[in-house]
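K.L.:
My questions concern the predicted model and sequence given below.
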Amino acid sequence: MNCNECICPVTILSKVMTMNDRESFPDSNHEIDKKRIKAALANQTTAKRVSQRMISKEISALISHPEFIDYHLTTMDVMCIATLWKKHIECLGTSMSWNALCRELKLNVYDTNTCLAYIESLLDRKIITFDETIKSDYHINPIILLSGEFMLSNLLIMKILGRSIPNEIGRLIAHEWQSDSGFISDLNQCMNTIFSCFGEIEGNRRRRSKSIHADVFFLCIEPLLVKLGQARNELVITKLINDHKLDKIEICILILVLYTQLTQDNCITENELLGIICNSDQEISCYSRYLRPDSKLTAQCLLQVEDVRSFANRREFSIPEELKLRLCGEQKSAKKPQVNYYLSQNNALKLVHVEQSIDDLILPKHDKSLLLTLTHRYKQLDCQDFANWGLDIGHNSQKGMIALFYGKPGTGKTYAAGAVANALRKPLVGLDCSALRDSYYGESEKLVKNSFDLMHRMSVEMDNPPVFLINEADQLVHNRSERNSYGSRTDNSIQNIILEAMENFPGIMILTTNLDENIDEAYFRRFNLKLKFNPPDLPCRIKLWKLHVSKDIPGATDIDIEYLAKAYEFTGGQIALVVNNACSEAITRSGKFKRLTMADIVKYAALEQPWAGNNTTKIIGF
C-alpha cells in the first residue's frame, strides 16, 4: 500500500497551511543591531529553503493521493485548496471572489482572462463551486465568473476529511434485501444522504432546490444501482427493471420519482428531474426523451404525467398508486384503507375529535329539526325511490351532500358539524384553509386541487368516508375578483378549482361561515342545504346559561339564570366567554369570597353586551 493512502488529506493540508503561514522576516518594530539582523536573515533564508522543500513534499503527497488523482492537481491547485480550506474552517461557509482568490495565489488579476480561465478549470474539475445555484453557462457568459463567489465543492470537502459518500452508502446498504420494504428503506437512506450532503431540501413543504451536480449524483447513487443489479428477481423493483429492460437513466428517473412521492408527499417536475441528472443543456436535450409521452417509462405506465397549467406551466411525474404500493411491498387488501392512511398524504386535512350528539345541541326548535332532516336524508337515501319519482341520480354529486352553515359567531355551527358526523357515525375531517396558501407561483392552486382530489378519493374509496368540514369557509370560497393582478388571478383560479370539485363531489361536506355575503354566488347552487344558525331564543339561552354555570362551580346556585337569559341576548359562544372570565376573577379570591357571584357575571356580561345583537357602540375589555 502506498504510504500516501495512510495519510488523511486534512493532515496534509494542515501542514501546508501551517508552513505557508510562517513569516519570512522578523518584526520590524523590534530594535536589533545590524549583526543580529544579518544573522536572522541568513537563518531565515535557510529556514525558507527548508520550508519550501517541506511544502513541496506535502503538496506532492496530496497530488499523488489516491482520492485526488482524478483531479489532476497542480501545485497552484493545492495552494488554492489550502486557501479555501482555511477560509472554510475559520468561518464556515465563507466564499471568495475570483480576484480575492487569485491575489492569494499571487496571480496578476489584471491578466483577467488568464485568471478566469483558471477559475473555470477549477469549476470544471469540481474542485470549487459557486456559493449559490447558477442556471446559466459560465463557459459562455464570463460575467457569471466575474460576479460569482466561490467555495470548495462538498465532494472535495468530504475527500479532504477522508470520507467517501459512495463508500459510506455502500456500507449503509451492504445487507441483503429480504423484501421490497428493505429496498425502500435503503432507497430512502441513500437519497437522504446524497441530498443532505450535496443538495438542498428547503421550506416547510420540502421543495428540492437543484444544487447537486449530475456526475456527483451518479457517483453517489452507483452503490445502489450495483446492488439493484445483484438483487433477487423476486423483488418488485428488480423484476420491473428486468422485464422492461430499463437502462441506468431510466432506473434513476424511476427511483427519483418514487423517493419524492414517499418522502415529500409530492410529485416531481420535469425540470427538477432533468436538473438532477443533467450537467449541461446538451444533456437536457438528450435526456428529455426519457420523459416524452412515447418514452418507455410513460408509454408502459411506469410513470404517470400531469400537465399543470398555472402561472408557469409544468409537467409533473408520479408513479401510479397501485405500482407504488407494490414497490413498497404493500399489496392492496380486500379491506379498504382507513382515514389515517389518507390523511398522511396531505398536511391540510386533519382528523377532528368530536363527542357531541344531535341531542347535545342547544338550538331553536326549527333549526334543530332541519339538522335532523339532514342526517335522516343521508341515512335513508334510496336510489330506487328517486328513480321511481323521476329524479335523476345518475351523477355522483346526487349521492353526496354539501351544506352551508352560516350565521353569527358563537351560534354553534362548528359544534353542529361535529354532531352531524357523530349522528352519521362517521369521522370528522377538517380542512385547514391556511395550509393551502403558498408564496410560490402555482403552488396554492396545486395544494387546493390535491386536497379536494384527496377528499373525493376518500369519499369514493373508503368503506365509511368521513364528513369534511371547512371552517371559516369564506377565506377560501370568497367572491371572485375582476382585478388583473397575479394575486387576483391566483384566487380566481382557486375558486374555479373548488367550484369544479364541488360540482361532482360524492361525499358529505359542511362549510361554516360568519360572512355568507362574502361567498361567491356561483357556490350557492352547489349547496344542497343552506342552514342559517340564528342567535338562541330565550328557552335556548336559559339552557346555555345552565350548561355553562354548572353546579360544580361554587356559588352557582345563587346565580339568577332567568334574569341573565332575559337581560342579555348572547350567543352560546358569548355566554361561555362571560362565564369563563367571571370564574377566572372569582377563583383568584381567597376564603369565603372564592366563589362565583352574580356581580362577577354581570360585570363581564356588561363588557360583552356591545357585541350582542345589533349594538353598534363597543368598548374594549375582556
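P.N.:
Now that the structure is in, tell me what you want to look at. Residues are numbered from 1 along each chain as shown.
K.L.:
Confirm that Arg232 sits in a helix.
P.N.:
No. Counting by DSSP: H, G, I helix; E, B strand; the rest coil, Arg232 falls outside a helix, being coil.
K.L.:
Next, the contact list for Asp281, please.
P.N.:
Asp137 (CB atoms under 8 Å, 6 or more residues apart in numbering). (Each C-beta comes from the backbone N, C-alpha and C, glycine too.)
K.L.:
and the gap between it and His139?
P.N.:
Distance, Asp281 to His139, using CB to CB, to the nearest Å: 11 Å.
K.L.:
do the same with Leu62
P.N.:
27 Å.
K.L.:
So for those two, which sits in the more crowded spot?
P.N.:
Leu62 (25 against 12; other CB atoms under 10 Å).
K.L.:
For the stretch 51-200 of the chain, which residues score under the pLDDT cut-off?
P.N.:
51-52, 133, 135, 198-200 (pLDDT under 70).
K.L.:
Run through the helices of it in chain order.
P.N.:
75-90, 98-104, 112-124, 143-147, 154-160, 165-172, 180-198 (DSSP state H, counting those that start in this stretch).
K.L.:
Just the CA atoms of the longest one, as PDB, please.
P.N.:
Extracted in PDB, the C-alpha atoms of helix 180-198 (Å, rounded to 0.1, in the frame of the first residue of the first chain):
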ATOM      1  CA  ASP A 180     -39.500  -4.900  -1.100                       C
ATOM      2  CA  SER A 181     -39.700  -2.900   2.100                       C
ATOM      3  CA  GLY A 182     -35.900  -3.500   2.600                       C
ATOM      4  CA  PHE A 183     -35.200  -1.800  -0.800                       C
ATOM      5  CA  ILE A 184     -37.500   1.100   0.100                       C
ATOM      6  CA  SER A 185     -35.600   1.600   3.400                       C
ATOM      7  CA  ASP A 186     -32.200   1.600   1.700                       C
ATOM      8  CA  LEU A 187     -33.500   3.900  -1.100                       C
ATOM      9  CA  ASN A 188     -34.600   6.500   1.500                       C
ATOM     10  CA  GLN A 189     -31.300   6.300   3.400                       C
ATOM     11  CA  CYS A 190     -29.300   6.500   0.200                       C
ATOM     12  CA  MET A 191     -31.200   9.500  -1.200                       C
ATOM     13  CA  ASN A 192     -31.400  11.300   2.200                       C
ATOM     14  CA  THR A 193     -27.600  11.000   2.500                       C
ATOM     15  CA  ILE A 194     -27.000  12.300  -1.100                       C
ATOM     16  CA  PHE A 195     -29.300  15.300  -0.800                       C
ATOM     17  CA  SER A 196     -28.200  16.200   2.700                       C
ATOM     18  CA  CYS A 197     -24.600  16.300   1.600                       C
ATOM     19  CA  PHE A 198     -24.800  17.700  -1.900                       C
END
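K.L.:
In a strand, Leu351, correct?
P.N.:
Yes. Leu351: assigned to a strand according to three-state DSSP.
K.L.:
That one and Asn340 touch, don't they?
P.N.:
Yes. In this structure Leu351 lies within contact range of Asn340 using CB atoms under 8 Å: 7.3 Å.
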